[in-house]
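A.B. asks: mind looking at a prediction? Sequence and model below.
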Amino acid sequence: MVDVKNKRLMVLAGSHYPELADKIAAKLGIKVSNSQFQRFANGEIKFQLDESVRGADVFIFQAHNGSVAEAIVEQAVLIDAAKRASAAHITAVCPFFGYARQDRKSKGREPITARLVVDILSVAGANRIVSVDLHSGQIQGFLNGPFDHLIALPAIARHIKKRFGSDCVMVSPDAGRVKLTERYASRLGVDIAIVHKRRVKNNQAEALDVIGDIKGKHCVINDDMIDTAGTICVAAEMLKKKGAKSVSVVATHGLFSGPAIDRIIKSDIDYLAITDTLPIPDDLLKSSKVEVISVVDLIADAIKAIFEDGSVSALFDGENQT
């Protein structure tokens, strides 16, 4: 006979970056539950749990990287399997949330795909979603239930403080990141600067000028994600032209699509710190200018708080609500 008052915490992982789920589960003192993945000849996914999840609090990890649409469907399949196996509560853990840049209609006849992704996970059976550094905070409102927005700012700020102290200037790579840059600058007690950028077309950017005093200073560009690296590379080039002593970049999500790695290695960027919400390509890990900031403790602490019915916001002093 099992005491029904005792809750069980279980972790499942999809095939996209399961290594992060393994590390977080180990931090929580458990192992990722065994499951079986199969694919039909046409690419369809088949999934089966190897152990009972009845009555358990299940956290289903999936990084939305690589083939993003496939990753999302795969996570929905896992959620559906757990729901049909009588899991008591299901949390979809998406360290990087796919389609987050499509959070609104910027032109006529466009979808709001971030909302669609939330709907897919919710309809599949997710009671709750956890993600790190959403591209837009309003995505939290797309779920009719708890959406825990974890922020990497405290961990990244500690890293910057350790490397530069207060001898740096926080730089926003464009107007859209000014608010985040101000939060970093306030925490570190430093000044800010802004790169005036014009986007010529998708994945192509042009830096026009720099607002702020950066001459002879260590400049630290911050962003939530690095995709093709066009924005940060043109910003770094402009900062060096304007007399910056060095240019560093800190970011949460490393997508590193297309020419990103080659651009970064050949760029004016002297140092790059990126978190491990997504797998880091070996070519970058080999570079002396790249360092990884782990989010394992961050996500593990949040899961522990959720499982124990504690406050997730208290982990960030409420800063994750802005």
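C.D. replies: The structure has been received and is ready for your questions.
A.B. asks: what does the host helix or strand of residue 262 rub up against?
C.D. replies: Residue 262 is located in helix 260-266, with elements delineated by DSSP states H and E. Under the contact criterion Cβ atoms under 8 Å, 6 or more residues apart in numbering, helix 260-266 has outside partners 226-230, 232-233, 272, 281, 283-284, 287, 289. C-beta: built from backbone N, CA, C; applies to glycine.
A.B. asks: please apply the same query to stretch 34-52.
C.D. replies: For stretch 34-52, the external contacting residues (Cβ under 8 Å, 6+ apart) are 12, 15, 33, 73-74, 77-78, 81-82, 85.
A.B. asks: in it, which residues are buried?
C.D. replies: Judged by neighbour count (16 or more other Cβ atoms under 10 Å), stretch 34-52 contains these buried residues: 35, 45, 47, 49.
A.B. asks: endpoint to endpoint, that stretch covers what distance?
C.D. replies: Across stretch 34-52, the terminal residues are separated by 10 Å (Cα to Cα, to the nearest Å).
A.B. asks: and for stretch 266-279?
C.D. replies: Between the opening and closing residues of stretch 266-279 lies a distance of 21 Å (Cα to Cα).
A.B. asks: same question for that stretch: list its buried residues.
C.D. replies: Along stretch 266-279, the positions that meet the burial threshold by neighbour count (16+ other Cβ under 10 Å) are 267-279.
A.B. asks: for the residue nearest in space to the middle of the chain, give me phi and psi.
C.D. replies: Centroid-nearest residue in the chain, with Cα atoms, centre = their mean: residue 96, separated by 3.6 Å. With angles defined as degrees, to the nearest 10, residue 96 shows backbone torsions of phi -120, psi 130.
A.B. asks: that one contacts residue 132, doesn't it?
C.D. replies: Yes: using Cβ atoms under 8 Å, residue 96 is in contact with residue 132, at 7.1 Å.
A.B. asks: joint contacts of those two?
C.D. replies: 253, 277.
A.B. asks: what sits opposite residue 93 in the beta ladder?
C.D. replies: Here residue 93 sits in beta bridges with residue 61, residue 130, as judged by DSSP bridges.
A.B. asks: ok, it to residue 13 distance?
C.D. replies: With distances taken as Cβ to Cβ, to the nearest Å, residue 93 is found 9 Å from residue 13.
A.B. asks: of the two, who's got more company?
C.D. replies: Here residue 93 and residue 13 are compared on neighbour count by other Cβ atoms under 10 Å; more neighbours surround residue 93, at 28 against 24.
A.B. asks: quick one: the more buried one and residue 298 touch, right?
C.D. replies: No: if you go by Cβ under 8 Å, residue 93 and residue 298 don't touch, sitting 11.7 Å apart.
A.B. asks: now the two most distant members of the contacts of stretch 34-52.
C.D. replies: Farthest apart among those by Cβ to Cβ are 33 and 73. That separation is 20.3 Å.
A.B. asks: about what we covered before: now, of the contacts of stretch 34-52, which are buried?
C.D. replies: Buried members of the contacts of stretch 34-52, counted by 16+ other Cβ under 10 Å: 12, 15, 33, 73-74, 77-78, 81-82.
A.B. asks: wait, which of the residues you listed is closest to residue 157?
C.D. replies: When the buried ones among the contacts of stretch 34-52 are ranked by distance to residue 157 (Cβ to Cβ), residue 12 comes first, at 32.0 Å.
A.B. asks: contacts only, for the closest one.
C.D. replies: By Cβ under 8 Å, 6+ apart, residue 12 lies in contact with 21, 32-33, 35, 49, 58-61, 78, 82.
A.B. asks: for the nearest residue to residue 259 once chain neighbours are set aside, which three-state class applies?
C.D. replies: Nearest residue to residue 259, sequence neighbours excluded (Cβ to Cβ, 6 or more residues apart in numbering): residue 228, at 6.1 Å. Under DSSP: H, G, I helix; E, B strand; the rest coil, the three-state class of residue 228 is coil.
A.B. asks: hang on, residue 228 packs against residue 234?
C.D. replies: No: in this structure residue 228 lies outside contact range of residue 234 using Cβ under 8 Å: 11.1 Å.
A.B. asks: neighbour count: the two, which is higher?
C.D. replies: Relative neighbour count places residue 234 above the other of residue 228 and residue 234, with 22 against 18, counting by other Cβ under 10 Å.
A.B. asks: so for that one, what's the pLDDT?
C.D. replies: Taken from the predicted model, the pLDDT recorded for residue 234 is 90.
A.B. asks: SS state for residue 163?
C.D. replies: Three-state call for residue 163 (three-state DSSP): helix.
A.B. asks: how much space between it and residue 134?
C.D. replies: When Cβ to Cβ is the yardstick, residue 163 and residue 134 sit 26 Å from each other.
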